[in-house]
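A.B. asks: The following block contains a protein sequence and its predicted model.
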Amino acid sequence: MENQIQHNISLKPYNSFGIDVRAKTFIKISGVNECEHILEEKGEDTLVLGGGSNILFTKNYDGLIIKNEISGIEKIEEDEGCIYIKAGAGVVWHQFVLYCIKNNYAGVENLALIPGCVGASPIQNIGAYGAEIRQVVHTVETFHKCDKAKVNFSNKDCAFGYRDSIFKNKYKNQLLITSVTFRLFKKPVFNISYGAIEKELANMGVQDLNITAIAHAVINIRSSKLPDPAQIGNAGSFFKNPEIENDEFNTLKNNFPEIVGFALPGNKTKLAAGWLIEQCGWKGFRRADAGCHKNQALVLVNYGTAKGEEILQLSNEIIASVQQKFGVILEREVNII
């Protein structure tokens, strides 16, 4: 085990922003049993990394980085309508989606091409195009870093919210997720409520709707709008879409008739953060190598050698300008370290 531990290692290959910071100590794990062994021996602060696709490093990490590479996908159960699939936390999320589509397991097709690994999916309650992971999570298996014990969470235990869960709040930085079991469906319920999907399916000439077609439509849309982290450093959507009261939305609508909003339960409206940012003039903005992407204002980018502090500062300026213009406070979706 000790020979796998590395010291003073660059984290540039391990975060999708491509920020060149260093970790004091670094180790990769591929099995649940390794967790206990490592955490018993190492008393320093620890941070678990999966795909590194939802994190912005602003400084070197003076502790232990655990790179979670627990793999494996297996069917563990099925009933009349559902299939239960267990996936290791280190499985690349999009590869898991492709596995489900290949086997005709429905429920994650709208979430194709989201960056990151399976282990991060319940932490963020990842979502896109009208779907969220909470709709299919069955159980989450974890290892408590301090108690040195396995802890399992049901869907209800996860306390899912919009890009939120118990893992981001009560148990933040306390757990290492080892696997997630998903409850997927034998008979799909197609979700094409987002106009962009309907439009893309029409462009593709799809006659008989199926989960493969929906996934391909989502892949096409995301590829056209979002930069590939392998080409331009980014973490996907940097900000959450804010939710406001309907009365507040109506006031904004009077002042800004073109404002984009989606009705939610409980007399609330979800605003399109990208639209707000674009109206403040940030779309395509660049300062040195830190910038706001030219095609999607929600995405902050590293064009090469930007420091994490520079991207964080840019996000602060964007938040301030949106608040000044619209009275709406944006919240970051990306974790700042």
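C.D. replies: Great, that's in hand. Numbers count the residues shown, from 1 in each chain.
A.B. asks: Tell me which residue of the protein is furthest from the middle?
C.D. replies: In terms of distance from the mean C-alpha position of the chain, N254 ranks first, at 33.4 Å (CA atoms, centre = their mean).
A.B. asks: for the chain, which helix is longest?
C.D. replies: Identified as the longest helix of the chain according to DSSP state H is helix 308-326.
A.B. asks: Show me what the helix or strand just after it is packed up against.
C.D. replies: Elements were assigned by DSSP states H and E; along the chain past helix 308-326, the next helix or strand is strand 335-336. With contacts defined as 3 or more CB pairs under 8 Å, 6 or more residues apart in numbering; DSSP states H and E, the secondary structure elements packing on strand 335-336 are strand 55-56. Heads up, the C-betas are built off the backbone N, CA and C, glycines and all.
A.B. asks: For the strand it packs on, which strands pair with it and how are they oriented?
C.D. replies: Taking DSSP bridges as the criterion, strand 55-56 forms sheet pairs with strand 335-336 (parallel).
A.B. asks: mind listing the helices for the stretch 201-337 of the chain?
C.D. replies: Ranges of helices within the stretch 201-337 of the chain are 211-225, 246-255, 273-279, 308-326, based on DSSP state H, counting those that start in this stretch.
A.B. asks: got any ranges where this structure has weak pLDDT?
C.D. replies: Filtered on pLDDT under 70, the chain yields the residue ranges 1-3, 39-44, 195.
A.B. asks: Nearest the geometric middle of it, what residue?
C.D. replies: Nearest to the mean C-alpha position of the chain, counting by CA atoms, centre = their mean, stands I126 at 5.0 Å.
A.B. asks: need the helices for the stretch 1-150 of the chain, in chain order.
C.D. replies: Read by DSSP H, counting those that start in this stretch, the stretch 1-150 of the chain holds these helices, from start to end of the chain: 32-41, 93-102, 120-124.
A.B. asks: any idea how far the second one is from the chain center?
C.D. replies: I take that to be helix 93-102. Taking CA atoms, centre = their mean, to the nearest Å, one finds helix 93-102 lying 16 Å from the centre of the chain it belongs to.
A.B. asks: and the angle for that helix with helix 211-225?
C.D. replies: With axes from the mean of the first three to the mean of the last three CA atoms, to 10 degrees as the basis, helix 93-102 and helix 211-225 are set at 150 degrees to each other.
A.B. asks: how about helix 93-102: buried residues?
C.D. replies: W93, H94, F96, V97, L98, C100, I101 (16 or more other CB atoms under 10 Å).
A.B. asks: Show me what that helix is in contact with.
C.D. replies: Counting by CB atoms under 8 Å, 6 or more residues apart in numbering, helix 93-102 makes contact with 51, 73, 85, 87, 106-109, 111-118, 120-121, 126, 182, 184, 211-212, 215, all of which sit outside it.
A.B. asks: which of those are buried?
C.D. replies: When burial is judged by neighbour count using 16+ other CB under 10 Å, the buried members of the contacts of helix 93-102 are 51, 73, 85, 87, 106-109, 111-118, 120-121, 126, 182, 184, 211, 215.
A.B. asks: now, which of those lie within strands?
C.D. replies: Secondary structure from DSSP state E places I73, I85, A87, F182, L184 of the buried ones among the contacts of helix 93-102 in strands.
A.B. asks: Looking at those, which one is closest to C146?
C.D. replies: For C146, the closest of these turns out to be A87, at 25.5 Å, with distances computed as CB to CB.
A.B. asks: Can you verify my assumption that the closest one contacts I73?
C.D. replies: Yes. Because the distance of 4.8 Å satisfies CB atoms under 8 Å, A87 is recorded as touching I73.
A.B. asks: Would you map the strands across the stretch 151-300 of the chain?
C.D. replies: Secondary structure of the stretch 151-300 of the chain by DSSP state E, counting those that start in this stretch: the strands cover 175-185, 233-234, 243-245, 261-264, 268-271, 286-287, 290-292, 300-302.
A.B. asks: how about those, which one is nearest N169?
C.D. replies: strand 175-185 (11.7 Å).
A.B. asks: Alpha carbons of the closest one, as CSV, please.
C.D. replies: Output of strand 175-185 as CSV, limited to C-alpha atoms (Å, rounded to 0.1, in the frame of the first residue of the first chain):
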residue,chain,number,x,y,z
LEU,A,175,-17.9,10.3,3.8
LEU,A,176,-16.3,8.4,0.9
ILE,A,177,-18.9,7.1,-1.4
THR,A,178,-18.0,3.6,-2.5
SER,A,179,-21.0,2.6,-4.7
VAL,A,180,-24.4,3.7,-5.8
THR,A,181,-27.3,1.3,-6.6
PHE,A,182,-29.8,2.7,-9.2
ARG,A,183,-33.4,1.6,-9.7
LEU,A,184,-33.9,1.7,-13.4
PHE,A,185,-37.0,0.9,-15.5
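A.B. asks: That strand - contacts with which helices or strands?
C.D. replies: If you count contacts as 3+ CB pairs under 8 Å, 6+ apart, strand 175-185 packs onto helix 32-41, strand 61-68, strand 82-88, helix 120-124, strand 137-144.
A.B. asks: mind running it again at 7 Å?
C.D. replies: Judged by 3 or more CB pairs under 7 Å, 6 or more residues apart in numbering; DSSP states H and E, strand 175-185 is in contact with strand 82-88, strand 137-144.
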